[in-house]
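In: predicted structure and sequence below. I'll ask about it afterward.
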Amino acid sequence: MSTSRRALLGAGLATAALPFLPAEAAAPFVGRGAPAWYRFRFGAYEATIVSDGALPLGKAEDAFTGAQPGQVNELMRANFLDPANAVLEQNALIVNTGRQLILFDTGMGDSMGEASRMFGPTTGRLLRNMRAAGIEPSQIDLVVLSHAHCDHCWALVDAQGNRNFPNAQVALAEADLNFWTDDANKRGPAFMVPFIDGAKKNLSAYRDRMVMVRNEQEVVPGVIALSAPGHTVGHTVYAVTSGQEAMVYTGDLAHHHILLLRHPMWEFAFDTNPQQSAQTRARMLDRFATDRTTVMSYHFPWPGTGRMVKEGQGFAWHPTPMDVTSLG
């Protein structure tokens, strides 16, 4: 028997020898966690990360492709992750510049009824978590979209088609706007039909207040668009700067902090152009690692901020410790 096992058993026997004390009051299970939001200073700005809830994809080897047989499952198990259910986070960034309140991506929402639960019941929590963080949707001045997939824009409106962000403009690459509102693209994988129907419903409510983003151009002061095509035709990441501080909101550049960092040329089942997506990912991750850039990833483990470093043929993820003292 190993020393550690003997020690654990010894501790158990010692506990069993304690005198029995009757329970004074049996507390019921609470059954829910705390609202998921995290706030920190970023230069002169205030940043808040708000969760839309977990996004379970099912079998990892079905979602992440291009590997040798068994390689995805082996890598998941080696990192204490369940290969039968790859679960992603949904971390929406809200930046208060002092002049504007900017939301990056909206989460799944409930605008498409049953289709809004295609990944299960744990999504669609952005609005309630925003309110728990003291932010009302009506305060948002600009919604910046990385792309027009369901888990990034379907909370622009509610189930009745009303704007959830009544005072906001919406920024998006024109290529994505055109692609995901075109019925002619309802071909290929089955998810294309609800994805396009959902994008049309959500984006059309803001057609009179759309802002078309352009590569390496300012969206608003402090936010620069960087084209990152492949996951979708107009997928865009955003550099947020304040003084000497810089952070890149990477959207869906890499969906998984292990699989697509260790093997950036693997592919993802929901990519519009998987090969281009992998090439874009490898190029940008190399740039971020070389420059030691702080990144904020929509799908990485909560709250999604950290840095990449080169490791072998890929990269490793180093999350930023949450600073509980930054706001006093």
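Out: Arrived safely, thanks for sending.
In: going by C-alpha atoms from here, please, whenever you check contacts or count neighbours.
Out: OK.
In: and the residue lying closest to Pro274 once chain neighbours are set aside, how far is that from Leu81?
Out: Spatial nearest neighbour of Pro274, chain neighbours left out: Glu267 (5.5 Å); criterion: C-alpha to C-alpha, 6 or more residues apart in numbering. The span separating Glu267 from Leu81 equals 19 Å under the rule C-alpha to C-alpha, to the nearest Å.
In: rewinding a little: who is the residue nearest to Pro274 paired with across the strands?
Out: Listed beta-bridge partners, Glu267: Thr65 (assigned using DSSP bridges).
In: give me the distance between Ala246 and Asp141.
Out: Ala246 sits 21 Å away from Asp141, going by C-alpha to C-alpha.
In: helix, strand, or coil at the closest residue in space to Glu218 that isn't next to it in sequence?
Out: Taking C-alpha to C-alpha, 6+ apart as the measure, Glu218 lies nearest to Ile224, with 4.3 Å between them; neighbours along the chain are not counted. Here Ile224 is recorded as strand under DSSP: H, G, I helix; E, B strand; the rest coil.
In: bridging residues for Ile224?
Out: According to DSSP bridges, the partner residues bridging Ile224 are Glu218, Ala239.
In: quick check, Phe315 in a strand?
Out: Yes: the assignment for Phe315 is a strand, going by three-state DSSP.
In: sorry, back to before: of Ala246 and Asp141, who's got more company?
Out: Summary of the neighbour comparison: Ala246 and Asp141, criterion other C-alpha atoms under 10 Å, with Asp141 having more neighbours (19 against 16).
In: who's the nearest residue to Val219 once chain neighbours are set aside bridged to?
Out: Once its chain neighbours are removed from consideration, Val219 has its nearest residue in Val213; the separation is 6.2 Å (C-alpha to C-alpha, 6+ apart). With beta bridges defined as DSSP bridges, Val213 has these partners: Ala173.
In: what is the neighbour count of Val213?
Out: Under the criterion other C-alpha under 10 Å, the count of neighbours that Val213 has is 24.
In: hang on, it packs against Val220?
Out: No: the pair Val213 and Val220 fails to qualify as a contact (C-alpha atoms under 8 Å) at a distance of 9.9 Å.
In: in a strand, that's where Met247 is, yeah?
Out: Yes: checked against three-state DSSP, Met247 lies within a strand.
In: show me the contacts for it.
Out: Met247 makes contact with Ala239, Val240, Thr241, Thr293, Thr294, Val295, Met296 under the criterion C-alpha atoms under 8 Å, 6 or more residues apart in numbering.
In: beta partners for it?
Out: Under DSSP bridges, the residues paired with Met247 across the bridge are Val240, Thr294.
In: can you get me a residue count around the residue lying closest to Thr241 once chain neighbours are set aside?
Out: Spatial nearest neighbour of Thr241, chain neighbours left out: Gly222 (5.0 Å); criterion: C-alpha to C-alpha, 6+ apart. Neighbouring residues of Gly222 were enumerated by other C-alpha under 10 Å; the total is 15.
In: per-residue confidence at Gly222?
Out: Among the per-residue scores, Gly222 holds a pLDDT of 97.
In: same check, this time on Gly98
Out: Gly98 is assigned 96 on the pLDDT scale.
In: show me what contacts it?
Out: Counting by C-alpha under 8 Å, 6+ apart, Gly98 makes contact with Tyr45.
In: distance of the nearest residue to Pro194 once chain neighbours are set aside relative to Lys186?
Out: In space, not counting the residues next to it along the chain, Pro194 is nearest to Ala115; the distance is 7.1 Å by C-alpha to C-alpha, 6+ apart. Look at Ala115 and Lys186: by C-alpha to C-alpha, they are 16 Å apart.
In: what bits of the stretch 1-150 of the chain have low per-residue confidence?
Out: 1-25 (pLDDT under 70).
In: quick one: the helices in it?
Out: Counting by DSSP state H, counting those that start in this stretch, one finds helices in the stretch 1-150 of the chain at the ranges 3-16, 60-63, 71-78, 126-132, 150-153.
In: now do the third one: which elements does it pack against?
Out: Put plainly, it is helix 71-78. Judged by 3 or more C-alpha pairs under 8 Å, 6 or more residues apart in numbering; DSSP states H and E, the packing partners of helix 71-78 are helix 60-63, helix 259-262.
In: so where do the strands sit in the stretch 1-150 of the chain?
Out: Listed in chain order, the strands of the stretch 1-150 of the chain (DSSP state E, counting those that start in this stretch) span 37-42, 45-51, 55-56, 64-65, 87-88, 91-96, 101-104, 142-144.
In: now tabulate the ones you listed in TSV and tack on mean neighbour count.
Out: Putting the strands of the stretch 1-150 of the chain into TSV (neighbours: other C-alpha atoms under 10 Å) gives the following:
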stretch	mean neighbour count
strand 37-42	19
strand 45-51	23
strand 55-56	21
strand 64-65	18
strand 87-88	20
strand 91-96	24
strand 101-104	23
strand 142-144	25
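In: will you turn the ones you listed into CSV that also has distance to Gly124?
Out: Conversion of the strands of the stretch 1-150 of the chain to CSV gives the following (distance: least, C-alpha to C-alpha, whole Å):
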stretch, distance to Gly124
strand 37-42, 14
strand 45-51, 9
strand 55-56, 10
strand 64-65, 24
strand 87-88, 14
strand 91-96, 12
strand 101-104, 15
strand 142-144, 16
